[in-house]
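Trainee: When you get a sec, could you give me coordinates for this:
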Amino acid sequence: MDIKLNRGMPGMPSLPPNLPVILMVLGAMCAGFGLLLLFNEWLLRWLVAGIFIVIGALLFLTAMRARRMLG
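Mentor: Model prediction:
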């Protein structure tokens, strides 16, 4: 199967031309956030606690809505 790299496969959208820059910026931001977490362990503790609080609140709200739907 011959794929023309200039135009891509027929029916498939082409990649945006600024995709490498976006990926480099996202990678740099992730690496910076990782370094921030490495030197500030309390930040990791607060992030994990916040994630569990959000998940717990979503489960609680879902349970309340299901309870109301069941009567």
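
Trainee: alpha carbons only for contacts and neighbour counts from here, please
Mentor: OK.

Trainee: now the helices for this protein?
Mentor: 19-39, 41-70 (DSSP state H).

Trainee: any chance of those in a markdown table, with mean neighbour count, mean pLDDT and distance to residue 11 too?
Mentor: Output for the helices of the chain, formatted as a markdown table (neighbours: other Cα atoms under 10 Å; pLDDT from 0 to 100; distance: least, Cα to Cα, whole Å):
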| stretch | mean neighbour count | mean pLDDT | distance to residue 11 |
| --- | --- | --- | --- |
| helix 19-39 | 12 | 93 | 20 |
| helix 41-70 | 11 | 94 | 39 |
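
Trainee: Now tabulate those in a markdown table and tack on distance to residue 13.
Mentor: Shown next, in a markdown table, are the helices of the chain (distance: least, Cα to Cα, whole Å):
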| stretch | distance to residue 13 |
| --- | --- |
| helix 19-39 | 13 |
| helix 41-70 | 35 |
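
Trainee: nearest to residue 12, of those helices?
Mentor: helix 19-39 (16.1 Å; Cα to Cα).

Trainee: can you dump the C-alpha coordinates of the closest one into CSV?
Mentor: Taking Å, rounded to 0.1, in the frame of the first residue of the first chain, the C-alpha atoms of helix 19-39 are listed here in CSV:
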residue,chain,number,x,y,z
LEU,A,19,1.6,20.0,16.3
PRO,A,20,5.4,19.6,17.2
VAL,A,21,5.4,22.9,18.9
ILE,A,22,2.3,22.1,20.9
LEU,A,23,3.8,18.7,21.9
MET,A,24,7.1,20.3,22.9
VAL,A,25,5.3,22.9,25.1
LEU,A,26,3.1,20.2,26.7
GLY,A,27,6.2,18.0,27.3
ALA,A,28,8.1,20.9,28.9
MET,A,29,5.1,21.8,31.1
CYS,A,30,4.8,18.2,32.3
ALA,A,31,8.6,18.0,33.0
GLY,A,32,8.4,21.3,34.9
PHE,A,33,5.4,20.1,36.9
GLY,A,34,7.3,16.9,37.7
LEU,A,35,10.3,18.9,39.0
LEU,A,36,7.9,21.0,41.0
LEU,A,37,6.4,17.9,42.6
LEU,A,38,9.9,16.5,43.2
PHE,A,39,11.0,19.4,45.3
